[in-house]
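A.B. asks: Give the three-dimensional model of this entry:
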Amino acid sequence: MTRDFKQVDANLPLSEFTATYLTDDPDSVIYYAETSGRYVGLVQVEALRSIERSLWDFQTVQAIVQPLEELPTVNESTSLAQVIDQLETEQVPRLSVLSSAGAVVGVIDRADVVRALATKLRLLVPETVIQQIKTESQFPDNLQLQGVARDALR
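C.D. replies: Below is the predicted model of the structure:
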């Protein structure tokens, strides 16, 4: 997993959120919204397109949040085999990793899985391949990881 995400206040006006956080590449950062010190969900940046710009001073980040309880998640102790199986079974781009207290502690996607396996097995996987996996949200065809994961779970 990576801890490559940012935490933002769910009560922040959309205009301030975009001006403060979306000045760089908005698709490369994952944002989780919080309120009163508790995570409430994943900020769906692409949902900004559906909100009239004239409303951005009045609408808050909460308007574009997918609630935490609706997100595909795993806990910190979930095995790698279970993570692989869940990514493939649910066909989601990433899983939010939660602590035992329900706080977001990280994010894991297929590129993170391949990177971890390559490190563990001492395999050289070029960064271009890792980035392709991250972009396409697919394991390479020659890696039958879901089958291996399912066998490991039996």
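
A.B. asks: Which parts of this structure are helices?
C.D. replies: 14-21, 80-90, 110-121, 127-136, 145-153 (DSSP state H).

A.B. asks: Could you pull up the contacting residues of Phe139?
C.D. replies: Applying C-beta atoms under 8 Å, 6 or more residues apart in numbering, we find Phe139 in contact with Glu88, Arg110, Val113, Val114, Ile133, Leu145, Gln146. Every C-beta, even on glycine, is put in place using the N, C-alpha and C of the backbone.

A.B. asks: Out of the helices of the chain, the one nearest Ser54 is which?
C.D. replies: Nearest to Ser54, of all the helices of the chain, is helix 14-21, at 9.9 Å by C-beta to C-beta.

A.B. asks: could I get the helices of the chain as JSON lines with distance to Pro72 and mean pLDDT?
C.D. replies: Shown next, in JSON lines, are these (distance: least, C-beta to C-beta, whole Å; pLDDT from 0 to 100):
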{"stretch": "helix 14-21", "distance to Pro72": "23", "mean pLDDT": "94"}
{"stretch": "helix 80-90", "distance to Pro72": "5", "mean pLDDT": "92"}
{"stretch": "helix 110-121", "distance to Pro72": "13", "mean pLDDT": "88"}
{"stretch": "helix 127-136", "distance to Pro72": "17", "mean pLDDT": "91"}
{"stretch": "helix 145-153", "distance to Pro72": "15", "mean pLDDT": "67"}
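
A.B. asks: That concludes my questions; thank you for your assistance.
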